[in-house]
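Chemist: Need a 3D model of the following:
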Amino acid sequence: FPTHFLFAQLAKAIEYLHITAHVVHRDLKLENVLVDHHTGHVTLIDFGPRPPLHAPARRRLCGQAGSPPSWAPAVCRRPFPSVFDGYASDMWSLGVVLYAMCASHLPHPESTLVELCGHFDVVEEKQTKQFIAPVDSFFIGAKRYFGDSTRALISGRLTMNVQGRYTIDEVMQSTFLQGL
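Modeler: From the prediction side, this is the model:
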């Protein structure tokens, strides 16, 4: 099944969770996306205990949950546990999932929690308060997997600038998902 078709369903599921149910998944990764091999229908699993986020202030989450390779930089931020925007964290993880769907590997080589969090610390320090990850470094050696619309969508989510990170509404309106 085409990546666009599968990813559109996953994005629609996250749209429902964030907009309608007011739930943050916190563990978006390929292992939690099931695909029916006959129909191509996607099912998102492994929600764990997820309280609804009824008030905007409650979208601020604390503590580490999920799988480190899909964590947003704010989840790793020291001192532990850090406070972060749960919706923006899901958007980062959705970018990691799309990258992995297209390239068949994760966008960063770090294999341990210490390495991953260390990578984010170095990137943040180099950007000197701009908090914008050098997204192009995620694409080095993998450019052949990404068209312009895919690259734009991933870049809009794999940014350390939480205010600049795509929302689910922007994902749903992206060129990548047009016509689906």
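Chemist: Which helix in the protein has the most residues?
Modeler: Longest helix in the chain, counting residues (DSSP state H): helix 86-103.
Chemist: packing partners for it?
Modeler: Applying 3 or more C-beta pairs under 8 Å, 6 or more residues apart in numbering; DSSP states H and E, one finds that helix 86-103 contacts helix 3-15, strand 60-62, helix 73-76, helix 148-155, helix 168-172. The way it works is simple: take the backbone N, C-alpha and C, and place the C-beta from them, glycine included.
Chemist: Quick one, which of the ones you listed gets closest to Gly179.
Modeler: For Gly179, the closest of the helices and strands packed on helix 86-103 is helix 3-15, at 8.6 Å, according to C-beta to C-beta.
Chemist: and the closest one, C-alpha only, in CSV?
Modeler: In CSV, the C-alpha atoms belonging to helix 3-15 read as follows (Å, rounded to 0.1, in the frame of the first residue of the first chain):
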residue,chain,number,x,y,z
THR,A,3,2.8,5.5,2.1
HIS,A,4,0.5,8.4,1.4
PHE,A,5,-2.6,6.1,1.9
LEU,A,6,-1.3,4.6,5.2
PHE,A,7,0.0,7.9,6.6
ALA,A,8,-3.2,9.7,5.8
GLN,A,9,-5.1,7.2,8.0
LEU,A,10,-2.6,7.6,10.8
ALA,A,11,-2.8,11.4,10.6
LYS,A,12,-6.6,11.2,10.6
ALA,A,13,-6.5,9.1,13.8
ILE,A,14,-4.2,11.7,15.5
GLU,A,15,-6.5,14.4,14.3
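Chemist: Next, the angle from that helix to helix 148-155.
Modeler: Helix 3-15 runs at 30 degrees relative to helix 148-155, counting by axes from the mean of the first three to the mean of the last three C-alpha atoms, to 10 degrees.
Chemist: Identify the residues contacting helix 3-15?
Modeler: Helix 3-15 has contacts (C-beta atoms under 8 Å, 6 or more residues apart in numbering) with 25, 28, 33, 35, 40-42, 44, 90, 94, 97-98, 101-102, 168-169, 171-172, 176-177, 180.
Chemist: Let me know which of the helices and strands packed on helix 86-103 is tucked in deepest.
Modeler: helix 73-76 (a mean of 22; mean count of other C-beta atoms under 10 Å).
Chemist: which residues sit in contact with Val97?
Modeler: Going by C-beta under 8 Å, 6+ apart, Val97 touches Phe7, Leu10, Leu28, Lys29, Leu30, Val33, Ser70.
Chemist: If any of those residues are buried, give me the PyMOL selection for them.
Modeler: Of these, the buried ones can be selected in PyMOL as follows, counting by 16 or more other C-beta atoms under 10 Å:
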select buried, resi 7+10+28+29+30+33+70
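Chemist: Closest one to Arg151 out of the contacts of Val97, please.
Modeler: Phe7 (13.9 Å).
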